[in-house]
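Q: No sequence on hand, only this structure:
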């Protein structure tokens with residue numbers, strides 16, 4: 001997802017909130033973001049990796065940003081996997097992105113079962 005495609009009037013994910021705040025904060029800095037959806041990853045992992053490698057040259061953090069993960073009514077901080085210091089190279093990025101998506105799916109179903117939201 002490119003930054004110009006985001007609907008920032010009412011951000012619904014951490015990534016959208018951070019994108020919305022970029023350039024608006026006076027005492028903090030939000031580092032560059034690269035936001036992808038699970039669907040984008042499934043359709044073209046090679047394209048995602050190519051775009052990531054073109055945008056970043058150092059290490060990155062691969063983390064989740066799901067709708068409802070953190071919001072006005074609650075937080076699920078630490079619920080899903082975040083992987084810091086990932087080298088910007090194809091295999092490391094691919095493995096890390098897949099691990100983060102897998103943690104969301106596994107934790108999401110476990111969370112819903114624990115809270116009887118099936």
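A: That came through, no problem. Predicted, not measured: the structure shown is a model, and the values here were computed from it.
Q: What about residue 14, how many residues nearby?
A: When neighbours are defined as other CB atoms under 10 Å, residue 14 has 20 of them. C-betas here are computed from N, CA, C, even on glycine.
Q: How about it: what's its closest non-neighbour residue?
A: Leaving out its chain neighbours, the residue that sits closest to residue 14 by CB to CB, 6 or more residues apart in numbering is residue 65, at 4.5 Å.
Q: Am I right that the one you found is in a strand?
A: No: counting by DSSP: H, G, I helix; E, B strand; the rest coil, one finds residue 65 to be coil, located in no strand.
Q: Against residue 17, how distant is it?
A: Using CB to CB, to the nearest Å, one gets 9 Å for the distance from residue 65 to residue 17.
Q: For the two, indicate the residue with more neighbours.
A: Ranked by neighbour count (other CB under 10 Å), residue 65 and residue 17 place residue 65 first, with 21 against 16.
Q: For the more buried one, list the residues it contacts.
A: 13, 14, 15, 16, 35 (CB atoms under 8 Å, 6 or more residues apart in numbering).
Q: How about residue 96?
A: 62, 83, 86.
Q: Neighbour-wise, which one of those leads?
A: Going by other CB under 10 Å, residue 62 tops these with 21 neighbours.
Q: Could you check how far that one is from residue 23?
A: In terms of CB to CB, residue 62 sits 24 Å off from residue 23.
Q: Then residue 55?
A: For residue 55 relative to residue 23 (CB to CB), the value is 17 Å.
Q: the more surrounded of these two?
A: Counted by other CB under 10 Å, residue 55 and residue 23 do not tie: residue 55 has more neighbours, with 12 against 8.
Q: May I ask which helix or strand encompasses residue 104?
A: Counting by DSSP states H and E, the element that carries residue 104 is helix 90-114.
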